[in-house]
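Novice: here's my sequence, what's the structure:
(one chain, ligands or ions: 2)
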Amino acid sequence: MHGKIAVPPPMPSVSASPASPRIKFWGTRGSIPVPSPETLRYGGNTTCVELRADGEIIVLDAGSGIRPLGVALDREFQGRPIKLSLLITHAHWDHIQGFPFFKAAYDSKNEIRIFGFDGAGATFREIMTEPMRSPFFPITMRDLSATMDINKLNEMKFSLGKLDIHAAFVNHPGVCVGYRIFTSSGSIAFLPDHEPYEFFLHVARGKQLSPAEAKEIAADQHTALVQFLRGSDILILDIQYTDQEYETHIGWGHGSVSSAVALALEAQVQTLLLFHHDPSHDDQMVDRMVESARELAMQSGSHLEIAGAQEGSEILLEAKKVAAA
Ligand SMILES: [Zn+2]
Ligand SMILES: [Zn+2]
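Specialist: Numbering: from 1, shown residues only. Ligands and ions are numbered 1, 2, ... in the order given. Have a look, this model is predicted:
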């Protein structure tokens, strides 16, 4: 029924065996960690998502959520070597700040491969190593015990084990990418920071383009992004603002409820997860945003599933496939 506001049911939280293909959210917040009784359900830690599939452990971004992930891996592996790949979307603090506190990096048995693109005015190696230097931090990246392998990405398509991974530059200040990971249990798109192209003409303005030229570029970029996302089973997307808040944050690099739903519908994704929650939003506010996103999807007659990403929640990829059948 339209117009009925109810608290959205929580995301499924299951305890999977380590081999089950799944996604786990360790940090869902944007900008800065906000631990508080008001953010308990959706979580206060910044961006970090773990994907287990096809024998790989993939970690998406290293916000403060990577700290509890490190603790959990330590408990799970009990001294056995941990091999994982960390994909970084961009250099903003909320996506790298947790790395110095990632327990897995402090054990010589472990192997950590880190992947990402050069940033604006900094190489990818600098992005990862500079924050871990005096006077910012007492231990340098080189002093970490684990085998660390920092890889600058040049290609927009690559593989890790059996997983094919595609990257796309998105609309966010500096250099920022989204990733789409193709597993044998479906594909997951991860765009934690992205502002819709159609409203964002600042880049074009800087290049002194006419409004018509800027509009055309924005439309082309949008079409390319829809193509990149098309048919994703799960889309984890930056929905930091309500539509009203977005009006006063144009150009800040983040998305809003209606633009995100429209993008998910256009790209025909199965499940949309609201992500990069604003630090000023408490759990009830995120509930309301999820509800209004569902209203919009329902009004369009779509079966798009929508939930707010919750720290500590897991999605079983196989279970999702069964549920969708
Ligand atoms: Zn961010
Ligand atoms: Zn950012």
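Novice: stretch 22-37 and ligand 2 in contact?
Specialist: No. No part of stretch 22-37 sits near ligand 2 under the criterion Cβ under 5 Å from the ion; the closest distance found is 7.6 Å. (C-beta placed from N, C-alpha, C; glycine too.)
Novice: could I get the average pLDDT for that stretch?
Specialist: What stretch 22-37 shows for mean pLDDT is 98.
Novice: same question, stretch 271-284
Specialist: For stretch 271-284, the per-residue pLDDT averages 98.
Novice: ok, stretch 127-143 next?
Specialist: What stretch 127-143 shows for mean pLDDT is 95.
Novice: what's the helix or strand hosting L86 packed up against?
Specialist: Assigned by DSSP states H and E, L86 belongs to strand 83-87. Contacts defined by 3 or more Cβ pairs under 8 Å, 6 or more residues apart in numbering; DSSP states H and E place strand 83-87 against strand 56-60, strand 111-116.
Novice: winner for burial among those strands?
Specialist: strand 56-60 (a mean of 23; mean count of other Cβ atoms under 10 Å).
Novice: helices or strands up against that one?
Specialist: strand 48-53, helix 66-77, strand 83-87.
Novice: what residues does the stretch 51-200 of the chain have near ligand 1?
Specialist: So the stretch 51-200 of the chain meets ligand 1 at D94, D193 (Cβ under 5 Å from the ion).
Novice: ok, 6 Å please
Specialist: H92, D94, H95, P192, D193 (Cβ under 6 Å from the ion).
Novice: let me know the closest of the residues you listed to E216.
Specialist: Nearest to E216 out of these is D193 (Cβ to Cβ; 24.2 Å).
Novice: in this structure A267 contacts I234, no?
Specialist: No. Between A267 and I234 there is no contact under Cβ atoms under 8 Å: 11.9 Å.
Novice: ok, the residue of the chain positioned farthest from its centre to E216 distance?
Specialist: Taking Cα atoms, centre = their mean, the residue of the chain most remote from its mean C-alpha position is S210, at 33.1 Å. Distance of S210 to E216, computed by Cβ to Cβ, to the nearest Å: 9 Å.
Novice: check the separation of the first and last residues in stretch 151-168.
Specialist: Terminal residues of stretch 151-168 are spaced 17 Å apart (Cα to Cα, to the nearest Å).
Novice: so which bits of that stretch are buried?
Specialist: Residues L153, L160, L163, I165, H166, A167, A168 are the ones in stretch 151-168 that count as buried (16 or more other Cβ atoms under 10 Å).
Novice: where does the stretch 51-200 of the chain dip in pLDDT?
Specialist: 199-200 (pLDDT under 70).
Novice: got the residues of it near ligand 2?
Specialist: So the stretch 51-200 of the chain meets ligand 2 at H90, H92, H172, D193 (Cβ under 6 Å from the ion).
Novice: now do the helix or strand harbouring L237, average pLDDT.
Specialist: In this structure, L237 sits in strand 234-238 according to DSSP H and E. Regarding strand 234-238, the rounded mean pLDDT is 98.
Novice: now do it: which elements does it pack against?
Specialist: For strand 234-238, the packing partners by 3+ Cβ pairs under 8 Å, 6+ apart are strand 186-191, helix 257-266, strand 271-275.
Novice: again, 6 Å this time
Specialist: Applying 3 or more Cβ pairs under 6 Å, 6 or more residues apart in numbering; DSSP states H and E, we find strand 234-238 packed against strand 186-191, strand 271-275.
Novice: what residues of it count as buried?
Specialist: Buried residues in strand 234-238 (16+ other Cβ under 10 Å): I234, L235, I236, L237, D238.
Novice: distance to M289 added to those, as CSV?
Specialist: Formatted as CSV, those follow (distance: Cβ to Cβ, whole Å):
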residue, distance to M289
I234, 18
L235, 16
I236, 15
L237, 12
D238, 12
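Novice: ok, the closest residue to ligand 1 within the stretch 101-250 of the chain - contacts?
Specialist: Closest approach between the stretch 101-250 of the chain and ligand 1, counting by Cβ to the ion: D193, at 4.4 Å. Applying Cβ atoms under 6 Å, 6 or more residues apart in numbering to D193 gives the contacts H172, C176, D238.
Novice: stretch 113-121: how far from the chain's middle?
Specialist: 16 Å (Cα atoms, centre = their mean, to the nearest Å).
Novice: what sits up against it?
Specialist: 85-88, 91, 124, 127-128, 149-151, 153, 174-175, 177.
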